[in-house]
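J.: One predicted model, sequence on top.
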Amino acid sequence: MPNTGTNCWKPAVSDTLGTCSESRIKMHAVSNVRLSDPSIRKLQMTPSSQATRIELRHLRAAIAAAECGSFRQASELLVVRHSVLSRLISQLEHLVGATLFARSNAGVVPTVAGQSVLRISRTILEQVDAILATARSSGRGEAGRLSVGFCTSISAGNLRATMIDFKKRLPLVELATIERPRPLLMSALRNGTLDITIVPGRRPLSDVKTLPVWSERALALVPNDHPLATRQVIYWTDLRSQTVLLGEQDLGSELEDLLVSRLVTDEHRPTIERHDVSRGIIKSLISMGLGIGLVMESDVGASFAGLVYRELHDDAGMSRIGFYAYWRQDNENPALKRFLDLLAERYPSPPPALGG
């Protein structure tokens, strides 16, 4: 028996025929479906030109009629005239080439062909709703993609914590990370490959906006059998007779600048060796006794056997390097705005940094 009660399918406001902005979308799906039931083989013969005239409002009208068991109740549910809904279903039957409902005084019941068409129609509408939900989420920055560039370790520290927080808040946003030397990161930012990069030091750039975020301690990385390892604090002047190993792919230039600013004259500076290798290889070289390293606080989460971290101080206290976020001012990625909002929330007033 047809359902004449109140258990009709309840659409959202945007599902109604009168207000559904996407109801004019043309659907090709019916013409592409191969139906095996002999009773609806005529659907396979529907010309593609006919199928492309099927609109979402046709499908919504048919689904409402099937759920309510009555054209009149379905028209009331969708807030349209009875004659409009009846005409929509008649048009759909003509377009698919099959009778979709058996009519009687008791109401309407889907035919075998109608049941198959309704099943496909529900799938189509679910997919359309998913498309709209995704588009709305992307527009609010709740979905989409964000590319973040950096040149420091993320084994610990603020950048790691910020990315974890961002993914917890916006799990549907794809977070793409890129580690490169600072010059390559800035080039990628300018050409649009990166949405944002977070690096130490402030460099004024045209068409690029800057936000100070945090600062990190500068640390010395020494073998545990090195004489400096016995000290809890190392002063910059303690490095005069040392060999310092810096990686081209890491923070070599920033750390070297900081070292030079603390040891002004050449005769007071240590020997600096540059290696075009990864951060991990630099640690291996240090563990081999070839020198000591300079790293940032965010590196301490990646412990390395046989090496210890020690704070670097000068007469004013511990040394810190300021970090800044850079992004193009014409970047309209909604996910970027959400990330910038998070940075401003987490780091409203970064501590003062020396050497930044």
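T.: Yep, that arrived.

J.: what's the neighbour count on the closest residue in space to R231 that isn't next to it in sequence?
T.: Of all residues not flanking R231 in the chain, R310 sits nearest, at 6.4 Å (CB to CB, 6 or more residues apart in numbering). The C-beta positions use only the backbone N, C-alpha and C, and glycine is treated the same way. The tally of other residues near R310 (other CB atoms under 10 Å) stands at 19.

J.: Next, the contact list for R310, please.
T.: Neighbour list for R310: L219, A220, V222, L228, A229, R231, Q232, V233, I234 [criterion: CB atoms under 8 Å, 6 or more residues apart in numbering].

J.: if I look at it, how far off is V222?
T.: 6 Å (CB to CB, to the nearest Å).

J.: A106: how many residues sit nearby?
T.: Residues near A106, counting by other CB under 10 Å, number 11.

J.: Tell me what the residue nearest to R231 is bridged to.
T.: Counting by DSSP bridges, R310 is bridged to A220.

J.: quick one: low-confidence ranges for this protein?
T.: Regions of the chain meeting the criterion pLDDT under 70 cover residues 1-52, 133-143, 249-254, 263-268, 349-356.

J.: Packing partners of the top helix by length along it?
T.: Secondary structure of the chain read by DSSP state H shows that its longest helix is helix 112-139. Secondary-structure packing of helix 112-139 (3 or more CB pairs under 8 Å, 6 or more residues apart in numbering; DSSP states H and E): helix 29-32, helix 56-68, helix 82-96.

J.: from those, which stretch is densest packed?
T.: By mean neighbour count, with neighbours taken as mean count of other CB atoms under 10 Å, helix 56-68 ranks first of the helices and strands packed on helix 112-139 at a mean of 24.

J.: which parts of whichever helix or strand comes after that one are buried?
T.: Using DSSP states H and E, the helix or strand that follows helix 56-68 in sequence is helix 71-78. For helix 71-78, the neighbour count (16 or more other CB atoms under 10 Å) marks F71, Q73, A74, S75, E76, L77, L78 as buried.

J.: ok, of those, which one's closest to F101?
T.: For the buried residues of helix 71-78, the residue nearest F101 by CB to CB is F71; the value is 8.4 Å.

J.: these two touch, right, that closest one and V84?
T.: No: with contacts counted by CB atoms under 8 Å, F71 stays clear of V84, the gap being 10.2 Å.

J.: most neighbours, which of the contacts of R310?
T.: So for the contacts of R310 (other CB under 10 Å), the most neighbours sit at A220, 25 neighbours.

J.: Would you verify that G192 is located in a strand?
T.: No: applying DSSP: H, G, I helix; E, B strand; the rest coil, one finds G192 to be coil, outside a strand.

J.: Leaving out chain neighbours, which residue sits closest to it?
T.: Here the residue nearest G192, using CB to CB, 6+ apart, is R328, at 7.2 Å.
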